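Asker: based on what follows, work out the 3D shape:
(2 chains)
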Protein chains: 2
Amino acid sequence: MAENQSTDMDDSEDVVTLAHGAGGGAMRSMLQDLVVPRFAGNGAATDGTEVADDGDTPRVGLPELDDGAVHPVGDDGALVVTTDSHVVKPLFFPGGDIGRLAVAGTVNDLAMMGATEPTALTCSLVLEEGTPTSDVQRVIESMAATAEEADVSISTGDTKVMGNGDVDGIVINTAGVAYLDGNAPVSDAGLDPGDALIVSGPMGDHGIALLSAREGFDFTGDLESDVAPVNGFVGAAMDAGRITAMKDPTRGGLANALNEMAEKADVGIDIDEQRIPISGATASAGEVLGIDPLSVANEGKVVMGVDQNDAKAVLEAIQACPGGKDAEIVGQASEDHTGRVVVDTGFGRRYLSEPEGEALPRIC
Amino acid sequence: MAENQSTDMDDSEDVVTLAHGAGGGAMRSMLQDLVVPRFAGNGAATDGTEVADDGDTPRVGLPELDDGAVHPVGDDGALVVTTDSHVVKPLFFPGGDIGRLAVAGTVNDLAMMGATEPTALTCSLVLEEGTPTSDVQRVIESMAATAEEADVSISTGDTKVMGNGDVDGIVINTAGVAYLDGNAPVSDAGLDPGDALIVSGPMGDHGIALLSAREGFDFTGDLESDVAPVNGFVGAAMDAGRITAMKDPTRGGLANALNEMAEKADVGIDIDEQRIPISGATASAGEVLGIDPLSVANEGKVVMGVDQNDAKAVLEAIQACPGGKDAEIVGQASEDHTGRVVVDTGFGRRYLSEPEGEALPRIC
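Answerer: Now for the predicted structure:
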């Protein structure tokens, strides 16, 4: 049990740093060293593919570091559960706000497990004393509208107020739960060599739009966050073919998502860089800011592995849905360079590495 | 739908104040005016007693302002869902810490809906940059131990880091979900005239211990928070007799819980003050601090309405369990003074009113 395990925290790393919240290597190492060993004893399976026959044991738990957990319940049902806290700054940004981000983020994490019809969301607000009531109202309205768009009800919540200066503005936590009736959940570890990799639309819009807004840059063009629920087109994709693995490229962007998928499935990934959709506005702004659009968060996009025989059908299904018209097949999984992502730039090949450190604090 | 409703917010109340987070009247009015009308359109029932036959419609939703929501799923199952954010200061206090508080709080909210065997908890951490890793580790260990005590797994989570000064220390959100297989959930609105009211143990320990620790008072005696999961003795109570309504007297204490139960069920409540258990240490400290132990939070206690014929059996079942030995029958529901709580002090009778304002910020 947890009590008898020692932690492997580096002694020099004795305080929490912004890098721990960035979704890259530092984050994963903190979770793996500090959190997972302590919670894994609470009935979690160590192998995401093993189906436990005990209702108390999650089929997918914390050790898998997937987008959510899966618990068998009843005769042949399963609960998919996920959570996210949102600390984004500014609260309102081009293309969205913290409320839309919170609802879409949680709906999308459920969708990444194959649960495209969520049962319920929770909404917990931590408010700074002195926050204008009109801001709270605007955020609540945005959450309600986004929940309607995703066809889910927000049915329970909590509100805390912290003193002036104890918290900056508004922090929102949402958790989501979906009941799966007999359907197998989708993992982010299921890639097989030969699977096609589909990206559902332009990469990097959320991260680049956020940073530009925060820094006060006024780029020409339509620089907007992509924040949106993806459960609609993910459901259509699942109906159209066999999805072997899914991930939403949020913190750490596409680079992080692909590296995790390669590592967890023990396959290599080959990407054709010229096929990755990136909007002109995001590409230019990224260049000026010195930030790679492949390493920053998306909040309305999906990267999925698809059985190669189904790739075309799945692509067309996504392209026919709102939010999916720019979807592309960007590469495939291979038996070579396992655990690594290789990008063909058109001029040569390079490894796409996982972002380290904190390019963009408080981006979601 | 929500979009067409105007808010009834008082114009003079244009910023969030600490009173909005105190769990009393200001809190309820903010929720009722600002949050509920916006989210209620998302499929929520307006009447907690009505069983919807549509899986998307919660049987108990936000408008009921209960401890959680209930969603029918599958053939005859139901999901109970709840959430809480914790911002307590200090992080470590006599009798517990923020981690134990978070796990117990969520387990207890589920138990208040009759779901004493939770399926899963989520754990979302918001950490201030610079927080000692050893503090995070201590909190995680406490969460794991409390989850084991409550027999629930923590199976998914999220971690965010905010800059130094953007958040004070550690904020923890937990959400919990339980699958009920055919059993009817318990509401907090089900009191009938004649029902006995049982309190599971001494009142006010958490609030008084917290304030004393924060202010640096060194009272003699055992002043300790009561923070603990209650699902064990609540399960035993439900097996022993018919529970008509339950609530955990957290923010706003017993005074708040009883007033809510009276108001929601449209009954009166009569309480014999001398039968309310209060520890000597808490009573003395409360007197010195000028704080009524009946108006501050408990974190390991329950107040329940019980069919009067079952009251003795339920009381004995609770008393036989860990955490329940000091349980008492403290009063009964009546047809008189509906919506109000009348206390017999031994010298006369007075209304027990709901606490207003913010006696104790950041108590949970």
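Asker: for chain B, what's its nearest residue on the stretch 1-150 of chain A.
Answerer: Residue nearest to chain B within the stretch 1-150 of chain A (CB to the nearest CB): residue A:21, separated by 2.9 Å. For every residue, glycine as well, the C-beta is placed using N, CA and C.
Asker: what's the closest non-adjacent residue to that residue?
Answerer: With CB to CB, 6 or more residues apart in numbering or on different chains as the criterion, residue A:21 has its nearest non-adjacent residue at 2.9 Å, and that residue is residue B:161.
Asker: in the stretch 201-350 of chain A, which spans are helices?
Answerer: Assigned by DSSP state H, counting those that start in this stretch, the stretch 201-350 of chain A shows helices spanning A:205-215, A:231-240, A:253-265, A:280-289, A:311-319.
Asker: can you name every helix or strand that the shortest one contacts?
Answerer: Of the remaining helices and strands, those touching helix A:311-319 by 3 or more CB pairs under 8 Å, 6 or more residues apart in numbering or on different chains; DSSP states H and E are strand A:196-199, helix A:231-240, strand A:328-334.
Asker: re the thing from before, can you tell me the SS state at the residue nearest to residue A:21?
Answerer: On the three-state scheme (DSSP: H, G, I helix; E, B strand; the rest coil), residue B:161 is labelled strand.
Asker: around it, count how many other residues there are.
Answerer: 27 (other CB atoms under 10 Å in any protein chain shown).
Asker: then residue A:231?
Answerer: Count around residue A:231 with other CB under 10 Å applied: 24.
Asker: now residue A:321
Answerer: Residues lying near residue A:321 (other CB under 10 Å) number 17.
Asker: tell me where the model's unsure across chain A.
Answerer: Along chain A, the parts satisfying pLDDT under 70 run over A:1-13, A:22-25, A:28, A:40-58, A:219-221, A:357-359.
Asker: mind giving me the domain ranges of it?
Answerer: As assigned by automatic domain parsing, chain A contains the domains A:18-41+A:55-181, A:196-351.
Asker: show me where the stretch 1-150 of chain A has strands.
Answerer: Applying DSSP state E, counting those that start in this stretch to the stretch 1-150 of chain A gives strands spanning A:69-73, A:77-86, A:92-93, A:96-97, A:120-128.
Asker: list the helices and strands the fourth one packs on?
Answerer: Read it as strand A:96-97. Packing contacts for strand A:96-97, counted by 3+ CB pairs under 8 Å, 6+ apart, involve helix A:133-150.
Asker: same thing with the first one?
Answerer: Here strand A:69-73 is seen to pack against strand A:77-86, strand B:120-128, strand B:153-162, strand B:170-181 when contacts are counted using 3+ CB pairs under 8 Å, 6+ apart.
Asker: now the angle from the second one to strand B:77-86?
Answerer: Pointing back at strand B:120-128 there. 20 degrees (axes from the mean of the first three to the mean of the last three CA atoms, to 10 degrees).
Asker: and the residue nearest to residue A:21, bridged to which residues?
Answerer: Going by DSSP bridges, residue B:161 is paired in beta bridges with residue B:127.
Asker: could you do residue A:271 as well?
Answerer: Under the criterion used here (DSSP bridges), residue A:271 is bridged to residue A:331, residue A:343.
Asker: who touches it in this structure?
Answerer: Residue A:271 makes contacts with A:197, A:258, A:330, A:331, A:341, A:342, A:343, A:344, A:352, as judged by CB atoms under 8 Å, 6 or more residues apart in numbering or on different chains.
Asker: that one and chain B: what is the separation?
Answerer: Computed as CB to the nearest CB, to the nearest Å, the residue A:271 to chain B distance reads 27 Å.
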